[in-house]
Every structure is written in C-alpha cells, then in structure tokens.
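Chemist: Output the structure for:
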Amino acid sequence: MDLVLLQKALFALFFAIVLAITISKLRGKRYKLPPGPIPVPIFGNWLQVGDDLNHRNLADLANKYGDVFLLRMGQRNLVVVSSPELAKDVLHTQGVEFGSRTRNVVFDIFTDKGQDMVFTVYGEHWRKMRRIMTVPFFTNKVVQQYRFGWEAEAASVVEDVKKNPQACTTGIVLRRRLQLMMYNNMYRIMFDRRFESEDDPLFNKLKALNGERSRLAQSFEYNYGDFIPILRPFLRGYLKICEEVKERRLQLFKDFFVDERKKLSSTKGSSNNELKCAMDHILEAQQKGEINEDNVLFIVENINVAAIETTLWSIEWAIADLVNHPKIQKKLREELDTVLGRGCEVTEPDTHKLPYLQAVIKETLRLRMAIPLLVPHMNLHDAKLAGYDIPAESKILVNAWWLANNPAHWKKPEEFRPERFLEEESNVEANGNDFRYLPFGVGRRSCPGIILALPILGIIVGRLVQNFELLPPPGESKIDTTEKGGQFSLHILKHSTIVLKPRT
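Modeler: The predicted model follows:
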C-alpha cells in the first residue's frame, strides 16, 4: 500500500513539474516580466533566496536586479519595488490598480480571509471598514480628546521608574512598563478601560495571546507551504495552532471587552453630549447593519496588532538609539529645558514647537522603520509597472526601508543623525510628502495610525529624556541593537536593559 502511494505521489509530482514548465513557457510568451533570478519548476526562486525575505536581503537583490524585480516563490509572483519613483507609481499613481492585499495562509486565518480592514482586498468592504474606523480612532478630535490620558500614562511610567530602585543601578527592561502604557493608551480609546499594573491577570492573558499571534504571523517558517501548495500538508500542525490562537483571542475580545461595553451602554444609556469611546461608535455601525459581529472583533484585532505593537517597537528603538548616542540625548534634553523650562513636562501641543524632538522621532522612523516593507500590496488584474507586465494577483512589496536608507538618496544613511531633518532634509515629513521616506506608507492603503503614533512618541520620549539620563547597564558602553525582522516587522532582537538615572 505504501509503495502504491509513493508511486502516485511521484506521478503527481512529475505531472506538476510538466504543467509548471508548460505554464511558465506560455507566460513567457504573454508577459514582459521584470528581471530577476531564473526560476526552476515547482519551487521558482525559493531554493535560491529561501524563506527570509527581509528588507536587507531584498535591498541586496535590488542592487543586483534593479529597482523593480520579480521573484517566483513557488506559485506566487513577488514583485519588489525599490525606488521612490516606482513607489509613487504603486502607492499613488496606480493606487487603485495596486490597492488590494495579497493572500497568505496564516493571515487568512487571523483575519478570517479579510474580514478586517488592514488585510482585506480593495473594494467596498475596505471602504466601509476604513470609514467606520476613521471617526473613533484617526482624527485630530480623537487626539485632543485622549492626549490628556496619554500624558497621564507617560507620567505614570516616570513615577513607577523613579520608585524602582533597580532602574538607577543595574537597570530595568523598560519595554515591559511601556507595553502596559501602550495597551492603556489604546484601550482607553477603544473601550474606556485601562489596566492597573503589569500584574493584572487579564492584561497578561491578553498580552500573551497577542504575542503568540505576532510570533506566528511574523515568522518566516511557514513560507514554504504558502508558496508551494504541494508542501502545505506539512503546515497542518502550524495552521492548527494559528486557528486555536485566533479563536482564543477573539473570544477574549468578545467576553471581556466588547460584550462588557455592550452591557455598560445598555444600562447607562447615552446622550449626544456624552463622550463615546471607539467601541460605542463601532457597535452603532453594527446595529445599523453596516458591519457584523465578526467585523467588530477584527477591528479590535487590527488595533491590538497594528497600533499597539508597532508604536511600542518605535519607542523602544528611539530609546535604544538615544542611549547609544549620548550627545544626541543631551542635545534633546537641552532643547526641552530651553523651550519648556526645567520641571515643565512636555504635553502634546508642546511637541509641535520642539523641532529637535521631532527630528529624533523622524530619524528613528527612518533608520528603524517598524514596517520596513509596508503591508504587501496586490493587483487584482494584470497591470503595468516601469514598462513591465505584472501578472494579476502578484504580491507587491515596497521596500520602504531601502528607500529611506539608500546612500544614493541619503547622506550617510547608516548613521543615526536627527540633524538631517533640520538641515538637508528639512522639508521631509512622515506623512509621505517625499517618496524616499514612507514610514506609514502613502495613498489609499497608508497607515491611518500616524495621527496617533507621532504624538504618543513625542510625549513619552520627551518625558523620559526630561526626567532621566538614559544609560547602558553597568560595564557596557552601548546596548545591543541587533535587528529582528519578520514578515513585515522590524524590532530589537533582545529587549534592552536600560539604566534610568533621575535628574537632580
């Protein structure tokens, strides 16, 4: 019986190879494809480039094959864009043509095949979800409504650090306290809720499930099964774990947050004068039939991943680079003291009159871009790019990190130098006004969270530098800033231990 199965498997593999060669030849006649390494049947370029398609590896390939190149990853076409001009074409000029999202076996599970906003295809569902999320999350009114809460959370971080005797001696992993701060910032907006401490059982359960979701989704481990369907049976165990984590997370969101908010709203009633949290607006949209309960839960899913973790990574990078560049840290502290005065804590309105603080944040987002390849795009239909044919349903990666770190476009890009944004790049902003610098993307599928992330970064980085001298642990001259990349993310490999010496 085993021999018969083996014969059938070998016959199926032979047939698949012949079919792939035939399709490849037919496609070669139809399309003028971008350059790239020569693919082999079935596997494409996977055996040559492997699973780890991180921003640095793709930048090396761009230097070899050009500003647009094609990788055949099994049955998937992967097009990589590495110049400002082509980024503009994909994200702006042809924003509709390339405005969809590619499919992925793991993200299909975590978003139930695009029931959310971030990973859904471009169309009516995306427009509806974007509209419903914009008013309660992504407006200046929301910033002004919640900035006092963000300032209070930052003050609480400073107070807790000062109370911790280890902080000024051997040092602490500050990220853990900042993570609580970021959850509180976003859960205040979503549910008018906050967690009292790092020991809160619900917070720890939520944090653990979100961490597991992030690990599973960002890993390169499953790419082989995503690229090559005949290998997908080997992913059954991995995908089963993903399904279990998804169900547990959605159930937690529903039981402890969404349903609790429903009960609270039904018992207290509401008036037009009463301030509503984001979930109140979203539940109203559900009651009107605009979205269903699954959509509600996937909005919560998106905020937990896209808003909390990415901003936290950026805060962690900013602090690490300030520790490793004491002269820059000193210069920032002098600006805060001079403009605001000693003892006057930075607030959200203050961040707009602190150019060096703004430059530090911009430089962090340039050198340490949290989403270095942005979220992948896809063209639903055949398209053209730089004179090449892009077959329908190709995965389009814009290497935004390389756009912002290419020495052909930036002066000494490997250096952490905020001054560049006050000197030769003084007109460059994070909102995408320059296609060399797209930390939040640009166009229809840009990240709307920019309106929340920038003020939160300014408040917490400013307050930490005002109140503490940020130092590496005893006996070390610097902290380790080795990168850890994922499918989309870029964060520090090892969470940093930092000494925070209170200012006298």
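Chemist: Dump stretch 476-485 to CSV, keeping only the CA atoms.
Modeler: Provided in CSV are the C-alpha atoms of stretch 476-485 (Å, rounded to 0.1, in the frame of the first residue of the first chain):
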residue,chain,number,x,y,z
GLU,A,476,28.7,48.2,29.0
SER,A,477,29.3,51.2,26.6
LYS,A,478,26.3,50.5,24.4
ILE,A,479,23.1,48.4,24.3
ASP,A,480,22.6,45.7,21.7
THR,A,481,20.5,47.0,18.7
THR,A,482,20.7,43.8,16.6
GLU,A,483,17.6,43.7,14.4
LYS,A,484,14.9,41.0,14.4
GLY,A,485,12.9,41.1,11.2
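Chemist: So which bits of it are buried?
Modeler: Judged by neighbour count using 16 or more other Cβ atoms under 10 Å, the buried positions of stretch 476-485 are 479, 481, 485. For the C-beta atoms, the positions are set from N, CA and C on the backbone; glycine is no exception.
Chemist: Pretty sure residue 56 sits in a strand.
Modeler: No - assigned with DSSP: H, G, I helix; E, B strand; the rest coil, residue 56 falls outside any strand and is helix.
Chemist: any idea where the strands of the stretch 151-300 of the chain begin and end?
Modeler: Using DSSP state E, counting those that start in this stretch, the strands of the stretch 151-300 of the chain run over 172-173.
Chemist: re the thing from before, in strands, which of the buried residues of stretch 476-485 appear?
Modeler: Using DSSP state E, residue 485 are the members of the buried residues of stretch 476-485 that sit in strands.
Chemist: Would you reformat the buried residues of stretch 476-485 as TSV and include pLDDT and distance to residue 369?
Modeler: Output for the buried residues of stretch 476-485, formatted as TSV (pLDDT from 0 to 100; distance: Cβ to Cβ, whole Å):
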residue	pLDDT	distance to residue 369
479	95	19
481	95	14
485	88	11
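Chemist: from the buried residues of stretch 476-485, which is closest to residue 496?
Modeler: residue 479 (4.6 Å; Cβ to Cβ).
Chemist: any idea how far the closest one is from residue 494?
Modeler: 9 Å (Cβ to Cβ, to the nearest Å).
Chemist: that older thread, just put the buried residues of stretch 476-485 in a markdown table and tack on distance to residue 357.
Modeler: Below are the buried residues of stretch 476-485 laid out as a markdown table (distance: Cβ to Cβ, whole Å):
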| residue | distance to residue 357 |
| --- | --- |
| 479 | 21 |
| 481 | 20 |
| 485 | 27 |
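Chemist: Out of the buried residues of stretch 476-485, which is nearest to residue 440?
Modeler: Out of the buried residues of stretch 476-485, the member with the shortest distance to residue 440 (by Cβ to Cβ) is residue 485, at 18.4 Å.
Chemist: which residues pair with that closest one across the strands?
Modeler: The partner list for residue 485 in beta bridges (DSSP bridges) reads residue 490.
Chemist: any idea where the strands of the stretch 401-504 of the chain begin and end?
Modeler: Assignment of strands within the stretch 401-504 of the chain using DSSP E, counting those that start in this stretch yields the ranges 468-471, 483-485, 490-492, 497-502.
Chemist: Now tell me what touches the longest one from outside.
Modeler: Same thing as strand 497-502. 161-162, 167-174, 319, 323, 464, 467-474, 479 (Cβ atoms under 8 Å, 6 or more residues apart in numbering).
Chemist: can you do 7 Å?
Modeler: Residues from elsewhere that reach strand 497-502 (Cβ atoms under 7 Å, 6 or more residues apart in numbering): 161-162, 167-168, 171-174, 319, 323, 467-473, 479.
Chemist: The first one now?
Modeler: Contact with strand 468-471 is made by 319, 322, 323, 329, 464, 498, 499, 500, 501, 502, 503, as judged by Cβ under 7 Å, 6+ apart.
Chemist: Now, of the residues you listed, which are buried?
Modeler: Among the contacts of strand 468-471, those classed as buried by 16+ other Cβ under 10 Å are 319, 322, 323, 329, 464, 498, 499, 500.
Chemist: Report all helices and strands that the strand or helix carrying the first one contacts.
Modeler: Yep, that's residue 319 we're talking about. Assigning secondary structure by DSSP states H and E places residue 319 in helix 310-324. Counting contacts by 3 or more Cβ pairs under 7 Å, 6 or more residues apart in numbering; DSSP states H and E, helix 310-324 is packed against helix 174-191, helix 355-367, helix 450-467, strand 468-471, strand 490-492.
Chemist: any idea of the angle that helix forms with helix 355-367?
Modeler: Counting by axes from the mean of the first three to the mean of the last three Cα atoms, to 10 degrees, helix 310-324 lies at 110 degrees to helix 355-367.
Chemist: Residue 84 is in contact with residue 67, correct?
Modeler: No - if you go by Cβ atoms under 7 Å, residue 67 and residue 84 don't touch, sitting 9.2 Å apart.
Chemist: so how far is residue 189 from residue 147?
Modeler: According to Cβ to Cβ, residue 147 and residue 189 sit 11 Å apart.
Chemist: cool, and residue 284?
Modeler: Taking Cβ to Cβ, one finds residue 284 at 16 Å from residue 189.
Chemist: Can you pick out the residue with more neighbours from these two?
Modeler: The neighbour comparison of residue 284 against residue 189 (other Cβ atoms under 10 Å) goes to residue 189, with 22 against 15.
Chemist: so the more buried one makes contact with residue 280?
Modeler: No - assessed by Cβ under 7 Å, residue 189 is found out of contact with residue 280, at 11.1 Å.
Chemist: Reformat the buried ones among the contacts of strand 468-471 as CSV; add pLDDT.
Modeler: Formatted as CSV, the buried ones among the contacts of strand 468-471 follow (pLDDT from 0 to 100):
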residue, pLDDT
319, 98
322, 98
323, 98
329, 98
464, 98
498, 97
499, 98
500, 98
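Chemist: Where do the helices of the stretch 251-400 of the chain begin and end?
Modeler: 259-268, 278-287, 293-302, 310-324, 326-340, 348-351, 355-367, 400-403 (DSSP state H, counting those that start in this stretch).
Chemist: Give me the buried positions along the first one.
Modeler: This points to helix 259-268. Of all the residues in helix 259-268, those buried under the rule 16+ other Cβ under 10 Å are 261, 262, 265.
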